[in-house]
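Q: here's a sequence, model it:
(3 chains)
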Amino acid sequence: MDYIVHVAVLASIFATLAISLDLVIGRTGLLSVAHAAFYGLGAYSTALFSVRLGLPIYAGVLAGLLLAALVSLVVSLPSLRLRDDYFAIATFGFQLIIYNTFNNWTSLTNGALGVFGIPQPTVFGRVFSSRLDFLGVSLATVALAYWIVQRLSSGPHGRVLSAIRESELLALALGKNTLRFKLVVFAVSAALASVAGATYAVYTSYIDPSSFTVMESILVISMVIIGGPGSSRGVILGAVTLVVLPEILRTIGLPSAVSANLRQIIYGSLLVGMMMFRPRGLLGRYSFGR
Amino acid sequence: MLHEFFIYGLIAGSGYALVALGFALIYRTVRFFNFAHGAVYTIGAYLAFVFYVLLGLPLAVAVLLAVPITGLIGVGFEWAVFRPMRARNASSLTLLIASLGLLILGQNVIALIFGNDTQVIHSGVVHEGAMIFGARITTIQETIFVAALVLFGLTAALLRLTRLGVALRAVANDPELARVAGVKDGQVITFAYFLGSCLAAAASVMIALDTNMTPTMGLHALLYGMVAVIVGGAGSLWGAYFGGLLLGVAQNVAVWQISADWQDVVAFVILIVFLLVRPEGLTSLRMRKGGV
Amino acid sequence: MSALRCENLVKVFGGVEALSGVTLSFPASGIVAIIGPNGAGKTTLLNVVTGFARPDAGSCWLGQSAITGLPPYAIARAGIARTFQDLRLVGALTALENILLAFPRQAGERLFNALTGLGIWRAERENLARASKIIEQVGLGGLGETAAGELSYGQQKLLTIGGCLATDARVLFFDEPVAGVHPEMISQIVDILDKLRDSGRLVIFIEHDIDTVRRVADWVVVMDHGRVVTVGPPTEILAQPEIMELYVV
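A: Residues are numbered from 1 along each chain as shown, chains lettered A, B, ... in the order given. Got it, this is the predicted structure:
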């Protein structure tokens, strides 16, 4: 039972990541490979503010939010004038730079050894210690991400995102400052990723750079593309599938390394398959890349 | 000393240049970032491992087998995945993602077969290595430098002198015009994938002999190759070659001042700077978003 | 006083002068047709005026304000709307939503309003009513809820014109509005252009179809090789045999 709750917490954290990335990839049509970096910024801010500075949890979470949004501007402002595949490469580069910073700025982050002893959060006087408590928190972040993405994808704001996705020139001709929309969407997505990172940090109480690599970014991209770009329900399905899959493989007795490889083989094949035959993924509303 | 790092930079740069060369050859023809090139790179080294270490064939034979077989595997990816996608008008971004999937697939299949750990191929007795301009380099390292130069020269000659090579340049410069002039772009693209993948295999075999090999070596090499291509100018072959050398030298010289931990960061900062300031690289092809 | 004015516009693409010093002064309202052979620079002119291409020399003015080199969305907001030769629409949105998209100054497009919902609902209701009217005006009555991607080519063309109407722009610049469209629909479009003129707007359109030009234009601008060859009313221009030769070839 404990194990199932654990998997549910992980699935929720990744669902938050997938929903927030879908805002950028699925709704606005920008391929970002830097999502794990923002996830990591949230995790490290939360961890370092509480472990090093002894501040309450929300200080680190807030700092992580702001830091992620700020860094997202540093990434997106210069990169958004590049063509879409070059934009993806630029985000790749930023992801690697930020990961390397986690790994090499040892005086701040403790490098590959990671940060230990992240305290359990105390919210409204109650200490969050049990797995179910954390499930509550992680489900709340899923709900938050879902709500924010829904609001930004509907009504006038959502229409502009659809226009940017399908034909940016049209959006410009209609008087929309498309750069501003993209910057905002990117920043919101990064902030949500950092919240997921904060949740992860306090749940596991130990973080190290290996959770925030480019492969992690690609994993979340796979969740979005396989689950279905443009559909929050779809990407949640994608997240749950890709989190539960290796756990199933592990329970049928495969050694951990093999199941890790197998999981990647499966989602690598699914990526190829989806792009070839079903670019709108399982439940998606929009075909990726038209 | 600075000149030592310069020499090491040229050698590392030659490795990047070879990967970049293959990548650029393919990019020129099909105009999308083919991440599967990283998988092909890894396959090359592991094939050589199979022939040389597992089957005990002589090293030269192993290499001469591994390289063209890898070339064919590269062609296989094109025929099985990219060609049908292009027939359905897939965008370059969609092709990029599919190629990413192939990379992940390839890496992990190799890991499943050979294990996730680092492997080593020894080329026999470990030599002392020669002193070149004050830097001690091994025979393999010399070979990497020379091979990159030679292969670059051969590729350039191939493109200028053979019919297929000229056709490839035509398609690279103006696919519409080339098609109108009767160039069969299917053949040309196949050739580009074959040659490009062979170059990748040549690179990875030598790097594996020089250092070691792991299933994830492809991603790392590919990223460096991509930086080199972007620095040199996407689509230019000598840009890829000199971009590779430049990257190797800049990285090693930077490491001379900062610690080796940050060498990846140096490479990627160079990438970002070029993407933002001069995305067309040191030679030229329009890379910014066009207007109408 | 002219609404739109260009002075000495020059635009070079890869060594070729697409515009070689174009100077034009448009009336405040009316219909102006721009004709000329392929490669004359007509679409380049459209792109430069609407901000999708930067001129290498020269300037553009809308009323008293200089619009040269402004980003396209700023020029759109200043009051120039345009269509595209390759029919740009948001296929995933309905016809009504495509019109709603085009309305300027929507509070709901701002992050804060989008998240909180403040100031959206009433505006949406009002805009929906206006959008329905525009749908009727361009002859797409009943098709409001259809996805734009599922409309016929001619219907999509009508929708793009509707989008321009929704922007409230005083200057409308159409790129080949009747190309590829059935003759019956051409009449529909011509009627719309007439009504636009009557409402006091300036309509500029690039066209190859000389009949349409003859039917509806007040003025004709002839371009060739990046230059303005001549300007005049259609009766004059289209009667000259040298001009007609530029086309019938």
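Q: give me the low-pLDDT residue ranges for chain C?
A: C:1-2, C:247-249 (pLDDT under 70).
Q: chain B contacts on that one?
A: C:43, C:47, C:52-53, C:84 (Cβ under 8 Å from any Cβ of the partner chain). (Glycine included, C-beta is placed from N, CA and C.)
Q: list buried residues within those.
A: Those of these that meet the buried threshold are C:43, C:47, C:52-53, C:84, by 16 or more other Cβ atoms under 10 Å in any protein chain shown.
Q: circling back: with secondary structure and distance to C:Val90 added, can I get the residues of chain C next to chain B in JSON lines?
A: Shown next, in JSON lines, are the residues of chain C next to chain B (DSSP: H, G, I helix; E, B strand; the rest coil; distance: Cβ to Cβ, whole Å):
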{"residue": "C:Thr43", "secondary structure": "helix", "distance to C:Val90": "22"}
{"residue": "C:Asn47", "secondary structure": "helix", "distance to C:Val90": "21"}
{"residue": "C:Phe52", "secondary structure": "coil", "distance to C:Val90": "18"}
{"residue": "C:Ala53", "secondary structure": "coil", "distance to C:Val90": "23"}
{"residue": "C:Phe84", "secondary structure": "coil", "distance to C:Val90": "13"}
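Q: residue contacts, residue 237?
A: Went with chain A since none was named. Contact analysis of A:Leu237 by Cβ atoms under 8 Å, 6 or more residues apart in numbering or on different chains lists A:227-228, A:282-283.
Q: look at chain C instead
A: Residues counted as contacts of C:Ile237 (Cβ under 8 Å, 6+ apart) are C:220, C:222, C:230-231, C:243.
Q: what helix or strand is residue 157 on?
A: In the absence of a named chain, this looks at chain A. Secondary structure from DSSP states H and E places A:His157 in helix A:155-166.
Q: actually chain C
A: Assessed by DSSP H and E, C:Lys157 sits inside helix C:153-166.
Q: taking chain A, what residue is nearest to chain C?
A: Across chain A, the shortest distance to chain C (Cβ to the nearest Cβ) belongs to A:Pro156, at 3.4 Å.
Q: so that residue makes contact with C:Gly117?
A: No. Taking contacts as Cβ atoms under 8 Å, A:Pro156 lies outside contact range of C:Gly117: 11.1 Å.
Q: ok, these two, which is more surrounded?
A: More neighbours surround A:Pro156 than the other of A:Pro156 and C:Gly117, with 21 against 11 (other Cβ atoms under 10 Å in any protein chain shown).
Q: now do the helix or strand that the helix holding A:His157 is followed by, average pLDDT.
A: Remark: after helix A:155-166, the chain's next helix or strand is helix A:168-173, criterion DSSP H and E. The pLDDT scores in helix A:168-173 average 94.
Q: quick one: is helix A:168-173 near chain B?
A: Yes. Using Cβ under 8 Å from any Cβ, we find that helix A:168-173 touches chain B at A:Leu169.
Q: restricting to C-alpha, output that helix in CSV.
A: Only the C-alpha atoms of helix A:168-173 are listed here, as CSV (Å, rounded to 0.1, in the frame of the first residue of the first chain):
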residue,chain,number,x,y,z
GLU,A,168,2.4,33.1,-35.8
LEU,A,169,2.4,35.4,-38.8
LEU,A,170,-1.4,35.6,-38.5
ALA,A,171,-1.2,36.4,-34.9
LEU,A,172,1.3,39.2,-35.6
ALA,A,173,-0.9,40.5,-38.4
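Q: does chain A sit close to the helix or strand where B:Val265 lies?
A: Assigned by DSSP H and E, B:Val265 belongs to helix B:263-277. Yes. Judged by Cβ under 8 Å from any Cβ, helix B:263-277 and chain A are in contact via B:264-265, B:268-269, B:271-272, B:275-276.
Q: which non-adjacent residue is nearest the residue of chain A closest to chain C?
A: Nearest-residue entry for A:Pro156: C:Gly108, 3.4 Å, with adjacent residues in sequence omitted and distances by Cβ to Cβ, 6 or more residues apart in numbering or on different chains.
Q: burial count for the one you found?
A: 22.
Q: that one touches A:Ser154, doesn't it?
A: No. Counting by Cβ under 8 Å, C:Gly108 does not reach A:Ser154; the two are 9.4 Å apart.
Q: measure stretch C:75-94 end to end?
A: Across stretch C:75-94, the terminal residues are separated by 26 Å (Cα to Cα, to the nearest Å).
Q: which parts of it are buried?
A: Within stretch C:75-94, judged by 16+ other Cβ under 10 Å, the buried ones are C:75-84, C:87-94.
Q: now stretch A:266-275
A: A:266-272, A:274-275.
Q: near chain B, from those?
A: A:267-272, A:275.
Q: among those, which lie within helices?
A: Judged by DSSP state H, the subset of these located in helices is A:267-272, A:275.
Q: min pLDDT across those residues, which one?
A: A:Tyr267 (87).
Q: which residue comes closest to that one once chain neighbours are left out?
A: Closest to A:Tyr267 by Cβ to Cβ, 6+ apart is A:Ser222, at 4.5 Å.
Q: and stretch B:244-257, what's buried?
A: Using 16+ other Cβ under 10 Å as the test for burial, stretch B:244-257 gives B:244-252, B:254-255.
Q: repeat for stretch C:33-53
A: Within stretch C:33-53, the residues that qualify as buried are C:33-36, C:40-53, counting by 16+ other Cβ under 10 Å.
Q: need the next SSE after the one helix or strand in chain B whose mean pLDDT sits lowest, C-terminal direction.
A: Across the helices and strands of chain B, mean pLDDT, DSSP states H and E gives its lowest value to strand B:130-132, namely a mean of 71. Remark: after strand B:130-132, the chain's next helix or strand is strand B:135-137, criterion DSSP H and E.
Q: show me what that next one is packed up against.
A: Contacts defined by 3 or more Cβ pairs under 8 Å, 6 or more residues apart in numbering or on different chains; DSSP states H and E place strand B:135-137 against helix B:2-30.
Q: how about the secondary structure of the one residue sitting closest to the centre of chain C?
A: The centroid of chain C falls nearest to C:Phe173 when counting by Cα atoms, centre = their mean (2.3 Å). For C:Phe173, the assignment made with DSSP: H, G, I helix; E, B strand; the rest coil gives strand.
Q: which stretches of the stretch 151-292 of chain B have low pLDDT?
A: B:283-292.
Q: all helices for it, in order.
A: Along the stretch 151-292 of chain B, counting by DSSP state H, counting those that start in this stretch, helices occupy B:163-173, B:175-180, B:185-210, B:217-232, B:237-257, B:263-277.
Q: right, is the fourth one up against chain A?
A: Yes. Using Cβ under 8 Å from any Cβ, helix B:217-232 reaches chain A at B:219, B:223, B:226, B:230.
Q: picking up where we left off before, list the buried ones in the helix holding C:Lys157?
A: C:154-166.
Q: next: stretch A:5-12.
A: If you call a residue buried by 16+ other Cβ under 10 Å, then stretch A:5-12 has these buried ones: A:7-12.
Q: now do that stretch: distance to the chain's middle.
A: The chain centre lies 15 Å from the centre of stretch A:5-12; the measure is Cα atoms, centre = their mean, to the nearest Å.
Q: likewise stretch B:102-120?
A: What separates the centre of stretch B:102-120 from the centre of its chain is 18 Å, taken as Cα atoms, centre = their mean.
Q: any residues touching that stretch, and which ones?
A: Contacts to stretch B:102-120, defined as Cβ under 8 Å, 6+ apart, come from residues A:218, A:257-258, A:261-262, A:264-265, A:267-269, A:271-272, B:35-36, B:38-40, B:42-43, B:46, B:49, B:77, B:81, B:212-216, B:218-219, B:222.
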